[in-house]
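# show me how the following folds:
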Amino acid sequence: MALLGERPGTGTGTGRRTGATAPAPLRKAPPREPASREPAAPRHGHGPLPGLALAAAGVAVAAAVHLLVPAVPMLTAAVVLGIGAAHLPGARALVRGPARPGLSLAGKRLMRVGIVLLGLKLSVGDVLGIGWSTVAMVAVVVAATFAGTLWLGRRLGLPGDQPLLIATGYSICGASAIGAVSEVRESDERDVATSVALVTLCGTLAIAVLPLLHQPLGLDAGQFGRWVGAGVHDVGQVVATAQTAGPHALGQAVLVKLMRVALLAPLVAAVALSVRNRHRHTHRDAQAHAATAPGTKRPPLVPLFVLGFLAMVALRTTGLLPGAALDAAQFAQELLLAAALFGLGSAVHLPSLARTGGRVAALGLCSWVVIAGVSYAGVLLTA
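The predicted structure is shown next:
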């Protein structure tokens with residue numbers, strides 16, 4: 001599990017002190033962009049209420065933007081508004097000060113609840129209904145995109161968990177997948193914010209670019225829908241892109257996309273297993289010095305919110321939930337994820353992002369080409 005569980009050049013480190021000295025790495029890690037250039041948020045005694053209120057206001061504005069311009073998904077608008085709030089002179093002090101605890105809470109806890117409710121969009125019957133050839137195609141697309149993006153991100157020297165998080169976002173379901181994996185990895189908030197910003201930007205560009213390629217590539221409505229479902233990151237972006245080709249394309253796109261969402265659970269479990277193994281090795285090395293040191297607690301093999309996601313899939317499969325309950329759950333899920341993405345967007349610091357912008361942009365472009373090309377080939381082969 002070295003592919004998932006090790007950061008390049010960091011040995012057994014997890015980004016937190018474990019009470020023991022880690023073995024010296026064999027290779028020197030690429031230098032991380034200095035955090036000192038990013039203004040540190042002062043510590044305040046404020047609770048989460050100011051930040052949660054600001055996130056709620058951001059969700060309201062994002063919903064208004066989506067109503068005025070339906071082609072812009074609410075989740076995309078929430079990320080952009082969060083980034084804007086972090087840099088507007090009038091709101092910047094609030095975001096970095098009194099609102100920071102609540103915004104961080106939204107980016108983590110509300111994201112978990114939103115991911116759990118995301119399971120209500122998928123049933124076992126949906127997976128079986130798209131055919132085993134399409135299931136195999138989706139699995140190949142996810143594996144190729146994840147492995148290729150992770151490898152290239154490390155080759156480019158991106159810091160921290162950025163290669164892993166970006167690979168997860170591209171291959172599974174955008175910001176939701178990034179949030180799930182970052183919870184297990186306990187990733188730095190800056191790595192999460194940068195990854196969300198990149199994946200959201202590329203997914204938004206897909207809304208404009210992919211419909212222009214529909215006719216030149218010679219795809220019928222069903223093929224176009226499956227291509228969009230396999231190659232676009234966020235569920236909202238998939239809907240916005242596929243609906244341009246009609247209801248049949250939209251239905252195919254959503255089914256394929258939900259198949260990718262189903263792979264979120266095994267991916268997070270694999271990451272959790274790698275983290276658990278690393279903690280076990282670290283604890284074994286540290287036993288002589290700090291057998292009871294904080295930070296040596298092993299994470300669960302399957303995080304609770306992933307179990308909740310699977311439980312919601314099982315509940316949806318039973319068919320016991322009425323349509324009104326499913327609609328209400330979808331509405332709540334969109335609100336929760338929008339609030340979480342606003343919180344994550346507010347953690348983006350554009351000057352710091354600009355210092356690695358060339359490498360991040362190169363990774364995003366290459367990954368976009370990989371997932372679009374592999375999914376296009378898969379659609380043609382399964383036609």
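
# alpha carbons only for contacts and neighbour counts from here, please
Will do.

# with adjacent residues omitted, what lies nearest to Leu165?
Closest residue to Leu165 apart from its sequence neighbours, by C-alpha to C-alpha, 6 or more residues apart in numbering: Ile178 at 5.3 Å.

# surely that neighbour and Gln162 touch.
No: between Ile178 and Gln162 there is no contact under C-alpha atoms under 8 Å: 9.7 Å.

# what do those two both touch?
Residues touching both Ile178 and Gln162 by C-alpha atoms under 8 Å, 6 or more residues apart in numbering: 192, 195.

# helices of the stretch 201-350 of the chain, residue ranges please.
Assigned by DSSP state H, counting those that start in this stretch, the stretch 201-350 of the chain shows helices spanning 221-231, 235-242, 247-262, 264-290, 304-318, 323-345, 350-355.

# give me whichever of those helices is most buried.
Across the helices of the stretch 201-350 of the chain, the average number of neighbours (mean count of other C-alpha atoms under 10 Å) peaks for helix 221-231, which reaches a mean of 29.

# figure out how far that one is from the centre of its chain.
Distance, stretch centre to chain centre, for helix 221-231: 21 Å (C-alpha atoms, centre = their mean, to the nearest Å).

# now do Leu307, the pLDDT please.
Leu307 carries a pLDDT value of 84.

# roughly how far apart are it and Thr244?
Leu307 is 35 Å from Thr244, where distance means C-alpha to C-alpha, to the nearest Å.

# where does this structure dip in pLDDT?
1-46, 279-302, 352-356 (pLDDT under 70).

# and the residue nearest the centre of it, what element?
By C-alpha atoms, centre = their mean, the chain has its centre lying nearest to Ile178, at 2.3 Å. Using DSSP states H and E, Ile178 maps to helix 175-185.

# circling back: tell me who's in contact with the residue nearest to Leu165.
Ile178 touches 165-166, 168-169, 192, 195-196, counting by C-alpha under 8 Å, 6+ apart.

# how about 7 Å then?
Contact analysis of Ile178 by C-alpha atoms under 7 Å, 6 or more residues apart in numbering lists 165, 168-169.

# and what of Gly364?
Contacts of Gly364 (C-alpha under 7 Å, 6+ apart): Leu198.

# cool, Trp132 as well?
Applying C-alpha under 7 Å, 6+ apart to Trp132 gives no contacts.

# now Asp161
Contacts of Asp161 (C-alpha under 7 Å, 6+ apart): 187, 191.

# so what does it have for phi and psi?
Asp161 adopts backbone torsions of phi -90, psi 10, taken as degrees, to the nearest 10.

# same question, Leu321
Dihedral angles (degrees, to the nearest 10) for Leu321: phi -80, psi 130.

# now it. Nearest residue, chain neighbours left out?
Looking at Leu321 with C-alpha to C-alpha, 6+ apart, the closest residue is Leu315, at 7.7 Å.

# look up how far Arg260 lies from the one you found.
19 Å.

# swap in Thr194?
With C-alpha to C-alpha as the criterion, Thr194 and Arg260 are 22 Å apart.
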